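Asks: Need coordinates for the below:
(chains A and B)
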2 protein chains.
Amino acid sequence: MTTRSDAPPRSARREATRQRILAAASQAFAERGFHGTSVEDVCDRAGFTRGAFYSNFASRDELVVELVAQRTARLRDRVRELSEEDDLTPRELLHGVLTLWSDQPGERQQWLLLQTELMLHAIRDPEAGAAWREVVARGHQETAATLEGYLRRHGIRLPVSSLELARLLFAAFQGGALQHLLDPAQVGPDDLENHLVAVLEAALTRDDDTDGTASPA
Amino acid sequence: MTTRSDAPPRSARREATRQRILAAASQAFAERGFHGTSVEDVCDRAGFTRGAFYSNFASRDELVVELVAQRTARLRDRVRELSEEDDLTPRELLHGVLTLWSDQPGERQQWLLLQTELMLHAIRDPEAGAAWREVVARGHQETAATLEGYLRRHGIRLPVSSLELARLLFAAFQGGALQHLLDPAQVGPDDLENHLVAVLEAALTRDDDTDGTASPA
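Replies: So this is what the prediction gives:
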């Protein structure tokens, strides 16, 4: 096996190779799922050899976790910006998040499907899945911090903590994507998220309320 | 329980074979998951030939859908009985359901894991998964009917329909099982279900309230 130890790590060319592999993998995983996509499939699609693949990623696991973690981080940053716009109601915030998630119809569901496959993989094979467990835990914590800031700024109280709320929202996103993909005639693409927000809106109290002053509807 | 006289009679011996295959499959799927369990694995465990298997089930798909559908139906009947006990609060009803679900710790999560694997299989392979789509749709509808009865008897109103509530509860059960199995140190086995019920309790109004009479806290 030829090594290119003269190339500096992450040169522009190396980074371009890496990004092409990630882009090809993104398409392949969306179309065929985690279990249906081999390293060979990704290489064929990207036009690279297996050697090029393994000089960039230790394994398919490492590739897919990086892919989803990158996308999750990008989404998280955009949601944080959105949540800091002070005049959004919870429903407007949800709508903004759903719009931010993807520009293409169905893309969100495909990403959530891939995330679910990764969860199952991590559950069945805890050693291989340790990286994914960390990504999920960090995602819940960072979402909770964003929610905490939003709720505080708006003087909103809920009967669950921000971390518990983040986990419930993630379950609604994940369950909503699965139920919609399984039976699109029965369950619309944003149904579960909207139902959960409707329940949350009815469950919340505002700091104004505790002072005995009714807030305007 | 009504017997279906239109079903073809099965000999006792044939039925015993069928039940032994189902029991062996139940253990195998719980341990190794849907993708990790072949027809051969089930036959080895049950001590039958592949011929005996295929004279009872057309495919692994048919076997696993029947297995989960049978268990879901048994659970549904017990939940319906429970929900008709008039003095249970929503939280007591949830606790009853979680207790009914299984006698063994972790069994509920394993069943929900298998159900999630079936959902993914049905999404990726819609033809093979059509039977599972029907089981899920019927499960949501039957759960909604049970919830509708409970809410009416208790004069409880929610900002979502009974069917929407059933889907939210299913997402909390499913997401809760996955989050717990992925990271048991962070997420307890009943956490998500309890958080959703806490939010639902805060969101509900009672028929008493709409008459302008405050109900006791």
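Asks: For residue A:28, give me its contacts.
Replies: Going by Cβ atoms under 8 Å, 6 or more residues apart in numbering or on different chains, residue A:28 touches A:37, A:41-42, A:45. (Glycine included, C-beta is placed from N, CA and C.)
Asks: Chain A: strands as residue ranges?
Replies: A:156-157, A:205-206 (DSSP state E).
Asks: Need the contact partners of the first one.
Replies: Meaning strand A:156-157. A:90, A:150-151, A:204-207, A:210.
Asks: Identify the residues contacting the residue most central in space within chain A.
Replies: Among the residues of chain A, the one closest to the centroid is residue A:72, at 4.1 Å (Cα atoms, centre = their mean). Each residue near residue A:72 by Cβ under 8 Å, 6+ apart is listed here: A:135, A:139.
Asks: swap in residue A:58?
Replies: Contacts of residue A:58 by Cβ under 8 Å, 6+ apart: none found.
Asks: Local confidence estimate at it?
Replies: Residue A:58 carries a pLDDT value of 92.
Asks: what about chain A, any weak spots by pLDDT?
Replies: A:1-10, A:86, A:102-103, A:209-217 (pLDDT under 70).
Asks: where do the helices sit along chain A?
Replies: A:12-32, A:39-46, A:50-54, A:60-83, A:90-101, A:107-124, A:130-153, A:162-182, A:191-203, A:207-210 (DSSP state H).
Asks: Neighbour-wise, give me the winner out of the contacts of strand A:156-157.
Replies: residue A:150 (21 neighbours; other Cβ atoms under 10 Å in any protein chain shown).
Asks: Skip the chain neighbours and tell me the closest residue to that residue.
Replies: residue A:83 (4.4 Å; Cβ to Cβ, 6 or more residues apart in numbering or on different chains).
Asks: so how far is stretch A:77-96 off the chain centroid?
Replies: Remark: stretch A:77-96 is offset 16 Å from the chain centroid, using Cα atoms, centre = their mean, to the nearest Å.
Asks: what's the domain layout of chain A?
Replies: A:9-57, A:60-206 (automatic domain parsing).
Asks: Can you check which of those domains gets nearest to residue B:162?
Replies: For residue B:162, the closest of these is domain A:60-206, at 11.4 Å, according to Cβ to Cβ.
Asks: chain center to the closest one, what's the gap?
Replies: 6 Å.
Asks: Quote the end-to-end distance of that domain.
Replies: With Cα to Cα, to the nearest Å as the measure, domain A:60-206 spans 47 Å from end to end.
Asks: returning to that earlier point: the strands of chain A: which one's closest to residue B:187?
Replies: strand A:156-157 (22.8 Å).
Asks: Could you please name the strands that closest one pairs with and the direction of each pair?
Replies: Paired neighbours of strand A:156-157 in the sheet (DSSP bridges): strand A:205-206 (antiparallel).
Asks: Pull the residues that contact the partner strand.
Replies: Contacts of strand A:205-206 (Cβ under 8 Å, 6+ apart): A:154-157, A:215, B:202.
Asks: picking up where we left off before, of all the helices of chain A, which gets the most neighbours per residue?
Replies: Of the helices of chain A, the one with the most neighbours on average (mean count of other Cβ atoms under 10 Å in any protein chain shown) is helix A:162-182, at a mean of 23.
Asks: Check whether that helix comes into contact with chain B.
Replies: Yes. Interface with chain B: helix A:162-182 contributes A:164-165, A:167-168, A:170-172, A:174-176, A:178-179, A:181-182 (Cβ under 8 Å from any Cβ of the partner chain).
Asks: Quick one: residues contacting the closest residue to residue A:132 other than its chain neighbours.
Replies: With Cβ to Cβ, 6+ apart as the criterion, residue A:132 has its nearest non-adjacent residue at 4.3 Å, and that residue is residue A:122. Residues counted as contacts of residue A:122 (Cβ under 8 Å, 6+ apart) are A:128-130, A:132-133, B:182.
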